[in-house]
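# need coordinates for the below:
(one chain, ligands or ions: 1)
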Amino acid sequence: MVSARDTELRELTADERASYFRAMQGLWGGGLAEEAFVAFQCRLASSPEAAGRYRMFGLFRRGEGDLLSGVKAYDLAGAFEGAPLRILGIGAVFTAPGLRGRGYAAGMLAAALARFGDEGADAALLFSDIGAEYYRRLGFHGLESAECFAEAHQLPRSNGYRTAVAGDEERMCRLFERARGREHLSLSRDGWTLRFQLRRLRELSRARNLGEPEWGVMVEGASGEAAAMVRLSREAVDVLDAAWTSDGARERLLGGLRDLLARAGRPRLRLWPASQLRGRYAESPRSGAIAMIAPLRAAVALPAADEPAEFSLLDHI
Ligand SMILES: CC(C)(COP(=O)(O)OP(=O)(O)OC[C@H]1O[C@@H](n2cnc3c(N)ncnc32)[C@H](O)[C@@H]1OP(=O)(O)O)[C@@H](O)C(=O)NCCC(=O)NCCS
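The predicted model follows:
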């Protein structure tokens, strides 16, 4: 088993990042060939949007260069019960197959929690694809994690919307921020998450040799505004977030999403129930991406186990 004395956590160099991405391609490559996946991840990691807020760390044996386990760390802002929170977002925890089962990931996560806690983070957040037990042992607890699907026939027919274009980011963000639920734990809509996710979609589209991705629907006019940020996944149109200022604007937005389903050849919308999307469609528990949180200081107020949180798919890191 690994001892904290023999290992150190440090930020990955550009070369180390490339090998970390290369190692995970088989699992998270999303159909991209190895080189295209590595190039996509490296471009995203060195994009202006990533600067200071999206970093990669690894566990190393002290003084040695072989990566034992790697992780993505996001600097996020959130709030719970009116108190602002600095949140360490954790993603893509990965140990190469030949190194598994020796406590490297656990050692790395413990070191990351200690380091970011010392640097002022109040809590750590992750979305687990390996159940809750492993992360529970590291001090995390699960929050309510549900998803919803909406088939085309559940959506109204309408027009009066348009596709989102470059320059819509700020307006979209203002709508999301205005609609953000304050009752539960939520991440802030300060613009960064949206801009980062958009960069991600654009880099992914470039890696697939496609043009500008279709990333949103907008509704404008005197009778109300609405916006949705979307991405195409294999079997659905994912609604990353959506918001509206009137019922009429909402119906036009949903009509736009219905048309997008037809255009993209996807049978349904997939979304996480949060903000104004909560309560509109039947919810079922998510099998993957279980939201889990850990306090990084003693007195921090966080939702208790299984309580609801206000995460939309946009927050899925
Ligand atoms: C999960 C992972 C990072 C663990 O790395 P590691 O360095 O072996 O971690 P540790 O030695 O600290 O812990 C090993 C334990 O992880 C847990 N674990 C690993 N994979 C798991 C899975 N798919 N489901 C549930 N638990 C799992 C087990 O409890 C395992 O203990 P075991 O070896 O006695 O079965 C590694 O298996 C991996 O890279 N998997 C593929 C990527 C992945 O799924 N990452 C997690 C995303 S949320």
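
# elements contacting the host helix or strand of Ala150?
In the assignment (DSSP states H and E), Ala150 maps to strand 146-151. Packing partners of strand 146-151 (3 or more Cβ pairs under 8 Å, 6 or more residues apart in numbering; DSSP states H and E): strand 268-271, strand 283-285. All C-beta atoms are positioned from the backbone trio N, CA, C, and that covers glycine.

# can you list contacts of the next helix or strand after that strand?
Sequence order places strand 162-163 as the next helix or strand after strand 146-151, per DSSP H and E. Strand 162-163 is contacted from outside by 214, 216-220, 256, using Cβ atoms under 8 Å, 6 or more residues apart in numbering.

# helices - which of these land there?
Gly256 (DSSP state H).

# pLDDT of stretch 203-220, averaged?
Averaging pLDDT along stretch 203-220 gives 95.

# what about the closest residue to Ser158 other than its chain neighbours, neighbour count?
Leaving out its chain neighbours, the residue that sits closest to Ser158 by Cβ to Cβ, 6 or more residues apart in numbering is Gly255, at 2.9 Å. Using other Cβ atoms under 10 Å, Gly255 is surrounded by 19 other residues.

# for Glu151, same thing?
12.

# got a list of what it touches?
Contacts of Glu151 (Cβ under 8 Å, 6+ apart): 267-268.

# name the residues of the longest strand along the chain that are buried.
If you go by DSSP state E, the chain has its longest strand at strand 67-80. Neighbour-count burial for strand 67-80 flags 67-76, 78-80 (criterion: 16 or more other Cβ atoms under 10 Å).

# next: stretch 145-162.
For stretch 145-162, by 16+ other Cβ under 10 Å, it's 145-150, 152, 155, 158, 160-161.

# now check that stretch, is it near the ligand?
No: between stretch 145-162 and the ligand, judged by Cβ under 6 Å from any ligand atom, nothing touches; the nearest distance is 12.7 Å.

# surely Gly191 and Met172 touch.
No: Gly191 is not in contact with Met172 according to Cβ atoms under 8 Å; the separation is 9.4 Å.

# now do stretch 139-148: distance to the chain's middle.
Using Cα atoms, centre = their mean, to the nearest Å, the distance from the centre of stretch 139-148 to the centre of the chain it belongs to is 14 Å.

# what of stretch 55-72?
With Cα atoms, centre = their mean, you get 23 Å for stretch 55-72.

# ok, and what's touching that stretch?
2, 5-12, 16-17, 19-20, 23, 45, 54, 73, 75, 89-96, 99, 104-105, 107-109, 111-112, 317.

# filter those by proximity to the ligand?
Near the ligand, by the rule Cβ under 6 Å from any ligand atom, you find 93-95, 104-105 out of these.

# hmm, back to that, most packed of the helices and strands packed on strand 146-151?
strand 268-271 (a mean of 23; mean count of other Cβ atoms under 10 Å).

# checking my notes, Ala243 in a strand, right?
Yes: judged by DSSP: H, G, I helix; E, B strand; the rest coil, Ala243 forms part of a strand.

# bridging residues for it?
Ala227 (DSSP bridges).

# contacting residues for Gly120?
Neighbours of Gly120 in contact, by Cβ under 8 Å, 6+ apart: Arg86.

# quick check: it is in a helix.
No: Gly120: not assigned to a helix; according to three-state DSSP it is coil.

# number the chain from 4, please
Shifting the count to begin at 4 puts that one at Gly123.

# ok, the nearest residue to Pro87 once chain neighbours are set aside - contacts?
Spatial nearest neighbour of Pro87, excluding adjacent residues (Cβ to Cβ, 6+ apart): Ala80 at 6.8 Å. Listed by Cβ under 8 Å, 6+ apart, the contact set of Ala80 reads 87-90, 190-191, 193.
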